[in-house]
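J.: Okay, structure incoming, though there's no sequence with it:
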Ligand SMILES: NC(=O)c1ccc[n+]([C@@H]2O[C@H](COP(=O)([O-])OP(=O)(O)OC[C@H]3O[C@@H](n4cnc5c(N)ncnc54)[C@H](O)[C@@H]3O)[C@@H](O)[C@H]2O)c1
């Protein structure tokens, strides 16, 4: 049997040892899905707290149940380590490391590069490697391919296999999970795509192969750019509606009754999370090397980035109408996570809104049931979530809803607060029009 045939046989029989590099929001659910499918999975992460927690059978990602981790660790299907040398025993490796932006707004490839360099030391014939981190088109071929297998003189597509598969996990979501969300895969060669597809199809319900790693990389960027641009569009619509004196939420709900040709997006205080605000900028950065300006991305990014400032200006105006200056006013931020019912504050617009309010002299506090503490390293401030939310609602001059967590009692909040600025339309079901409430 050829190296490829042996590897395919091992993958189909779940005998291939699987490693997941990076055990965060993407890597841990993926490791669990492979382990649930019957593979022996080793998670590798330099963060020893995550590794220790997993080996004790305890999950630190809300979407992954501790009972599941405990069961998989006990059965021996899931284990974790900080030691990359275990890679020499692995046949299938998935890379799920972060891809943030640098301060300058350029892609920060350092995590992909360091994970690749570690993996390069332990490459051997009969390995399949899949990159899952969201990145610019060309990364798999230009960054991973030259580093992996080169030292050992391994031929890609014959002795080892390399592919890209974009991650679509939506934290906090229960209907579409890592196991049942269709997975796009594109290989560096046809054989690479074939091997990677066979591996993933052993654990994930639907796998959708495409002809190249670049097509798979670009598909992810299309998905997230599509969201970013449409959010930018409705954010601009919100600003236009305010000038026109029209209720943007009513307009969007009305348009959404069209059964075809329209998809509902809602405005808000700005983009957040690890994906939508960042990934399209990977694409626009790459396009600059082709002397091409990704105009839609830049325009949407400009509108979305300005939303926290817009929210603060609306709060200031509304307080002014109530005879109060923002300076010296007590402002309570409700919700700091970048989206409802999750504990992730990365890139959350709440951070910008809090910072801007503080700069204008407001006395800001926040509450988030999922985020007890915020440490904004770049801007140099930190804050604890307040304990008694209803007491603070009563005392605040302005309550600003940034994240519409389900646990909040919005009816009680609007009835107790002096004034509420609702950037998410969370209060509408309880009071369509209420003198204390101003909506985005
Ligand atoms: N979180 C999401 O909802 C989501 C959705 C789709 C795509 N993505 C993409 O998936 C990738 C991972 O995102 P995430 O949210 O899981 O990040 P994360 O920060 O939650 O997890 C990444 C993990 O990688 C580890 N790590 C760092 N350097 C490493 C190395 N050299 N080797 C091994 N592990 C290393 C970190 O310690 C961390 O545990 C990113 O590219 C992100 O854009 C994320």
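T.: Done, it's in. Please read all numbers here as calculations on a predicted model, not as lab measurements.
J.: Relative to residue 132, how far out is the residue nearest to residue 196 when sequence neighbours are not counted?
T.: Excluding the flanking residues, the one nearest residue 196 by Cβ to Cβ, 6 or more residues apart in numbering is residue 163, at 3.7 Å. C-beta coordinates here come from the backbone N, C-alpha and C atoms, glycine included. According to Cβ to Cβ, to the nearest Å, residue 163 stands 10 Å off from residue 132.
J.: Same drill for these two, tell me which one is more crowded.
T.: Shown here are residue 163 and residue 132; by other Cβ atoms under 10 Å, residue 163 has more neighbours (30 against 24).
J.: what residues are up against whatever residue of the stretch 301-440 of the chain ends up closest to the ligand?
T.: The minimum distance from the stretch 301-440 of the chain to the ligand, using Cβ to the nearest ligand atom, falls at residue 344 (7.2 Å). Listed by Cβ atoms under 8 Å, 6 or more residues apart in numbering, the contact set of residue 344 reads 25, 171, 273-274, 337-338.
J.: Format those residues as TSV; extra columns: pLDDT and secondary structure.
T.: Shown next, in TSV, are the contacts of residue 344 (pLDDT from 0 to 100; DSSP: H, G, I helix; E, B strand; the rest coil):
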residue	pLDDT	secondary structure
25	93	coil
171	84	coil
273	87	coil
274	82	coil
337	97	coil
338	95	coil
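J.: Show me the subset of those that also lies near the ligand.
T.: 25, 171, 274 (Cβ under 6 Å from any ligand atom).
J.: how about the last one, what does it touch?
T.: This points to residue 274. Contact analysis of residue 274 by Cβ under 8 Å, 6+ apart lists 25, 98, 100, 344, 346-347.
J.: are any of those residues buried, and which?
T.: 25, 98, 344, 346-347 (16 or more other Cβ atoms under 10 Å).
J.: Output the residues you listed in TSV, with distance to residue 391 appended to each entry.
T.: Converted to TSV, the buried ones among the contacts of residue 274 look like this (distance: Cβ to Cβ, whole Å):
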residue	distance to residue 391
25	33
98	38
344	27
346	29
347	30
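J.: which ones are touching the residue of the chain found nearest the ligand?
T.: Going by Cβ to the nearest ligand atom, the ligand is nearest to residue 24 of the chain, at 1.8 Å. Residue 24 sits next to 45, 50, 61, 96, 98 when contact means Cβ under 8 Å, 6+ apart.
J.: can you pick the most crowded of these?
T.: That'd be residue 96 among the contacts of residue 24, by other Cβ under 10 Å, with 26 neighbours.
J.: all helices of the stretch 101-250 of the chain, in order?
T.: Under the criterion DSSP state H, counting those that start in this stretch, helices of the stretch 101-250 of the chain are mapped to 110-121, 139, 145-147, 190-201, 213-244, 248-255.
J.: What residues sit buried inside the last one?
T.: In other words, helix 248-255. For helix 248-255, the neighbour count (16+ other Cβ under 10 Å) marks 248-249, 251-252 as buried.
J.: List of residues touching it?
T.: 234, 237-238, 241-242, 262, 264-267, 425, 428, 439-440.
J.: after that helix comes which helix or strand?
T.: Using DSSP states H and E, the helix or strand that follows helix 248-255 towards the C-terminus is helix 279-288.
J.: so that next one versus helix 213-244, what angle?
T.: Helix 279-288 and helix 213-244 meet at an angle of 120 degrees, taking axes from the mean of the first three to the mean of the last three Cα atoms, to 10 degrees as the criterion.
J.: helices or strands next to helix 279-288 in the packing?
T.: Secondary-structure packing of helix 279-288 (3 or more Cβ pairs under 8 Å, 6 or more residues apart in numbering; DSSP states H and E): helix 213-244, helix 295-321.
J.: Can you lay out those helices as TSV showing mean pLDDT?
T.: Converted to TSV, these look like this (pLDDT from 0 to 100):
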stretch	mean pLDDT
helix 213-244	97
helix 295-321	97
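J.: any chance of these in CSV, plus mean neighbour count and distance to residue 122?
T.: Formatted as CSV, those follow (neighbours: other Cβ atoms under 10 Å; distance: least, Cβ to Cβ, whole Å):
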stretch, mean neighbour count, distance to residue 122
helix 213-244, 19, 22
helix 295-321, 18, 37
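J.: Tabulate these (JSON lines), appending distance to residue 393.
T.: Formatted as JSON lines, the helices and strands packed on helix 279-288 follow (distance: least, Cβ to Cβ, whole Å):
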{"stretch": "helix 213-244", "distance to residue 393": "24"}
{"stretch": "helix 295-321", "distance to residue 393": "15"}
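J.: And the ones you listed: which comes nearest residue 12?
T.: Proximity to residue 12 (Cβ to Cβ) singles out helix 213-244 among these, at 22.0 Å.
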